[in-house]
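Chemist: I would like the atomic coordinates for the input below:
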Amino acid sequence: MSEQFLPEPALDVPIVFVDLETTGGSTSEHRITEVGVVEVGPAGVSRWSSLVDPQQPIPSFIQQLTGITNAMVRGAPTFDAIAPALFERLNGKLFIAHNASFDRGFLRSEFRRVGLAFDPDVLCTVRLSRALFPAEKRHGLDALVERHALVPSDRHRALADADLIWQFWQRLHGLVPLEVLRAQIERTTRRYRLAGDITEEMLDTAPAGCGVYAFYGEEDLPLYVGRSVRVRQRLRAHLTGERRSSKDVRLAQLVRRVEWRATGGELGAMLAEAQWIATLRPGHNRVPRKSKSDPLEAPWPFDGPIAFEEREEASQSRAFHVVDRWCYLGHAPSLGQAAELHASSVVGLFELATFRLLQSHLSRGLRVMPLSLSIGAASPSLA
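Modeler: Predicted coordinates:
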């Protein structure tokens, strides 16, 4: 496993090439049996590996594939025992692996069990190979060995396979123009090391369905407000997605805090987004167009506050949105709670965006109900 000198490497950041062997493919049910790491940085190249006692039997077919038997891991350290030193070895470095979501997922789960948050930036060499060699059909490790003349020492053992990934990395520097390689690395890398207090665990708590979200920068400066029918997915696309636009990448570098609100429906998300943009005036949103014909106020066509209902398809949860005198007050899960929301709210000034949105939807048949008639009992919807 000799090193090839890279006179001008594509990256000048510390890198770790990682491979794991496990008892199976489920992070919730299975455990790691071996870890292999090739670390590349200013001090040169170093290697580390350890068998791990999974504290569960290794299935026979996996023993045959890897050569790691129950007897071999008996008496090996548990993951808890190696976790502090392994975390120190990996933390703060670009994590490179083949089918990287598998290795990252297992390590993230194992580290979480011992109270450590593991969210490295990740580069998957399967995806990188596909991006660099789109005419090739196969991008598994065996295919890379054959195609790029890599030298395996012991396939399906963690350190040996990590070393194959390192060999592939070295080969790329002779096969691909440096600027092309750098561009594809940037496109393919998933940024999980988020700024400020934002973590993967935090993103896991964002609404799966409809909602609005806001990004804040240094000194809590509002940067951007958005909406989505899948907020959690959209946040990940903004902050960690592979195919982010250059605008998203620049924005993500500025983000220090994120907040969100579930809205229970798409129209509710549109109303809340418009309200947040008008209130926060975030620098990365387009300023809503105004014309001389836009009203500064408009008569309210109802006798009092109104509510309209939305249901999310996935969860079938109900949301009753409350509007009074062209001011959006939010939503509640029931009509009684919607009335309580109105009673505890202060109706603000005329909201042009709310006026525009509601006028548009009312003209298309949005059904609303007078909120005062709906307290304590279901009232018939009124057009």
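
Chemist: any idea how far V38 is from V45?
Modeler: 7 Å (Cβ to Cβ, to the nearest Å). Every C-beta, even on glycine, is put in place using the N, C-alpha and C of the backbone.

Chemist: Neighbour count: these two, which is higher?
Modeler: Legend: neighbour count by other Cβ atoms under 10 Å for V45 and V38, higher for V38 (25 against 15).

Chemist: list the contacts for the more buried one?
Modeler: Shown in contact with V38 (Cβ atoms under 8 Å, 6 or more residues apart in numbering): 16-18, 45-47, 159, 162-163, 165-166.

Chemist: List buried residues within those.
Modeler: Neighbour-count burial (16 or more other Cβ atoms under 10 Å) applied to the contacts of V38 gives 16-18, 159, 162-163, 165-166.

Chemist: Redo those residues as TSV? Include distance to V368.
Modeler: Below are the buried ones among the contacts of V38 laid out as TSV (distance: Cβ to Cβ, whole Å):
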residue	distance to V368
V16	57
F17	59
V18	56
L159	66
A162	61
D163	66
I165	59
W166	63
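
Chemist: What about those residues, which are in helices?
Modeler: 159, 162-163, 165-166 (DSSP state H).

Chemist: Let me know the closest of those residues to L352.
Modeler: I165 (55.6 Å; Cβ to Cβ).

Chemist: Does that closest one touch D19 like I think?
Modeler: Yes. Using Cβ atoms under 8 Å, I165 makes contact with D19 at a distance of 7.0 Å.

Chemist: Can you work out which residues contact both of those two?
Modeler: Contacts common to I165 and D19, judged by Cβ under 8 Å, 6+ apart, are 97-98.

Chemist: pLDDT score assigned to E29?
Modeler: Note for E29: predicted pLDDT of 96.

Chemist: May I have the secondary structure class of it?
Modeler: When classified by DSSP: H, G, I helix; E, B strand; the rest coil, E29 comes out as coil.

Chemist: how close does it get to E21?
Modeler: Plainly put, E29 is 16 Å away from E21 if you go by Cβ to Cβ.

Chemist: who has more neighbours, the two?
Modeler: Set side by side, E29 and E21 show more neighbours around E21, with 24 against 9, by other Cβ under 10 Å.

Chemist: which non-adjacent residue is nearest the more buried one?
Modeler: Sequence neighbours aside, E34 is the residue nearest to E21 in space, at 4.1 Å (criterion: Cβ to Cβ, 6 or more residues apart in numbering).

Chemist: a helix runs through the one you found, doesn't it?
Modeler: No. Applying three-state DSSP, one finds E34 to be strand, outside a helix.

Chemist: Poorly predicted segments of the stretch 251-383 of the chain, please.
Modeler: 373-383 (pLDDT under 70).

Chemist: Tell me which stretches of it form helices.
Modeler: In the stretch 251-383 of the chain, the helices defined using DSSP state H, counting those that start in this stretch lie at 266-280, 335-343, 352-363.

Chemist: Can you add distance to E8 and give those helices back as CSV?
Modeler: Output for these, formatted as CSV (distance: least, Cβ to Cβ, whole Å):
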stretch, distance to E8
helix 266-280, 44
helix 335-343, 61
helix 352-363, 52
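
Chemist: closest one to A307 among the ones you listed?
Modeler: So among the helices of the stretch 251-383 of the chain, helix 335-343 is nearest, using Cβ to Cβ, at 5.0 Å.

Chemist: If you count neighbours, what's buried in the closest one?
Modeler: Buried residues in helix 335-343 (16+ other Cβ under 10 Å): 335, 338-339, 341-342.

Chemist: helices and strands around it, which ones?
Modeler: strand 318-324, strand 327-332 (3 or more Cβ pairs under 8 Å, 6 or more residues apart in numbering; DSSP states H and E).

Chemist: Show residues contacting the first one.
Modeler: Strand 318-324 is contacted from outside by 263-265, 267-268, 271, 300, 304-312, 328-335, 337-338, 341-342, 345, 347, 354, 358, 371, using Cβ under 8 Å, 6+ apart.

Chemist: filter the residues you listed to the buried ones?
Modeler: Buried, going by 16+ other Cβ under 10 Å: 263-265, 267-268, 271, 300, 305-310, 312, 328-332, 335, 338, 341-342, 354, 358, 371, out of these.

Chemist: Now do the same contact list for L352.
Modeler: Taking Cβ under 8 Å, 6+ apart, one finds 288, 290, 294-295 in contact with L352.

Chemist: Is it possible to get TSV of the buried ones among the contacts of V38 that adds distance to A319 and pLDDT?
Modeler: Listed next are those as TSV, based on distance: Cβ to Cβ, whole Å; pLDDT from 0 to 100:
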residue	distance to A319	pLDDT
V16	46	97
F17	48	98
V18	44	98
L159	53	97
A162	49	97
D163	54	96
I165	48	97
W166	52	97
